[in-house]
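Asks: Model the following, please.
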Amino acid sequence: MDKDKFMDVFKQVTSDVIIEIALVIAIATAIVWLSQRVLPWLADNLFGKRRLLVLAFIPTIRVVVFVFALVWIVPLVIEPNVQNMIAILSAVGIAIGFAMKDYVSSLLAGINAVYELPYRPGDWIEVDGAYGEVKHVGMRAVEIVTPDDTVVFIPHQKLWTGLIFNANNGGPSLMCVVDYYLAPEHDIHAVKHLLEDVALTSPYVQLAKPISVVVSEKPWGTHYKLKSYPIDPRQQFQYMTDLTARGKNAIRAAGFELASLSPEHAVLGVP
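Replies: Below is the predicted model of the structure:
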């Protein structure tokens, strides 16, 4: 498009047009400013869902006012014919497409998730450090609830770029791992059998699944990992707490000494 054709797109801007544009911008700014002051004040006097609904209106009003102001101002400066509208809409479409490329990518990943099933409602997953139970799988994002009862929305786009850890993968079984650290001088077989008994006698244990103890030697002592399964994945934290408390008590009652890191190991971060 040459310079003359480019200038044909725009109208001649007079002082009246400038005043009208300034007035529209001033009114739009005033409405947004008032909404950001009045609605929070109103929300503070409400409770429950009504309070959240009023707060949700703040960004909605801002977007609506912006769109109305844009629709009002554009015909004042641009000649509204078919050719100009096509050019403007094409430019806007490209800009929106570029801005929403991540959103579209998440939608495509959501379609892919329907077939690959990397997670389902009821699965316990970890993505970018967020761990929780899948409550809802939407078109754009998966909704999980963390053990701290925090809702986290994770875009499906993470399927393309990150690792997704699924602890139970659609099944009723979820392995729990509890760590114990003992001083090096002791009978390993005795401690191993003791920890297996701790798991077997837990009220949360799923007896149909295996119980195993993995032992590794560290510079500061001996590291035990007790691996077993709760009856229900939602019981994993109660189960791990039970194994930790009763396991430590059983180790001490049997006369074994728990490990304690020396100051130099603590500073160096020896695992």
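Asks: which helices and strands does the helix or strand hosting residue 32 pack with?
Replies: Assigned by DSSP states H and E, residue 32 belongs to helix 15-43. Applying 3 or more C-beta pairs under 8 Å, 6 or more residues apart in numbering; DSSP states H and E, we find helix 15-43 packed against helix 48-77. The way it works is simple: take the backbone N, C-alpha and C, and place the C-beta from them, glycine included.
Asks: Could you list the buried residues of the helix it packs on?
Replies: 54, 61, 65, 69, 72, 73, 76 (16 or more other C-beta atoms under 10 Å).
Asks: and the angle for that helix with helix 15-43?
Replies: 180 degrees (axes from the mean of the first three to the mean of the last three C-alpha atoms, to 10 degrees).
Asks: For helix 48-77, the averaged confidence score.
Replies: Computed over helix 48-77, the mean pLDDT rounds to 78.
Asks: so where do the helices sit in the stretch 151-271 of the chain?
Replies: When assigned using DSSP state H, counting those that start in this stretch, the helices of the stretch 151-271 of the chain occupy the ranges 158-161, 188-200, 236-253, 263-268.
Asks: Kindly export the shortest one (C-alpha atoms) in PDB.
Replies: Provided in PDB are the C-alpha atoms of helix 158-161 (Å, rounded to 0.1, in the frame of the first residue of the first chain):
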ATOM      1  CA  LYS A 158       2.200 -28.200  29.300                       C
ATOM      2  CA  LEU A 159       1.700 -31.500  27.300                       C
ATOM      3  CA  TRP A 160       4.000 -30.100  24.600                       C
ATOM      4  CA  THR A 161       6.700 -28.500  26.800                       C
END
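Asks: So which residues lie in contact with it, not counting its own?
Replies: 105, 109, 112, 113, 116, 118, 127, 128, 164 (C-beta atoms under 8 Å, 6 or more residues apart in numbering).
Asks: Okay, now the unreliable bits of the stretch 51-200 of the chain?
Replies: Within the stretch 51-200 of the chain, the stretches with pLDDT under 70 are 52, 79-89, 91-93, 95-104.
Asks: swap the cut-off to 90 and go again
Replies: By pLDDT under 90, the weakly predicted segments of the stretch 51-200 of the chain are 51-122, 128, 135-142, 154-164, 169-172, 184-185.
Asks: In CSV: the helices of the stretch 151-271 of the chain, plus distance to residue 45 and mean neighbour count.
Replies: Shown next, in CSV, are the helices of the stretch 151-271 of the chain (distance: least, C-beta to C-beta, whole Å; neighbours: other C-beta atoms under 10 Å):
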stretch, distance to residue 45, mean neighbour count
helix 158-161, 40, 15
helix 188-200, 53, 17
helix 236-253, 38, 16
helix 263-268, 52, 10
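Asks: Figure out which of those helices is closest to residue 20.
Replies: Set against residue 20 and scored by C-beta to C-beta, those come closest in helix 158-161, at 47.0 Å.
Asks: ok so, going back, nearest to residue 231 among the buried residues of helix 48-77?
Replies: For these, the residue nearest residue 231 by C-beta to C-beta is residue 54; the value is 43.3 Å.
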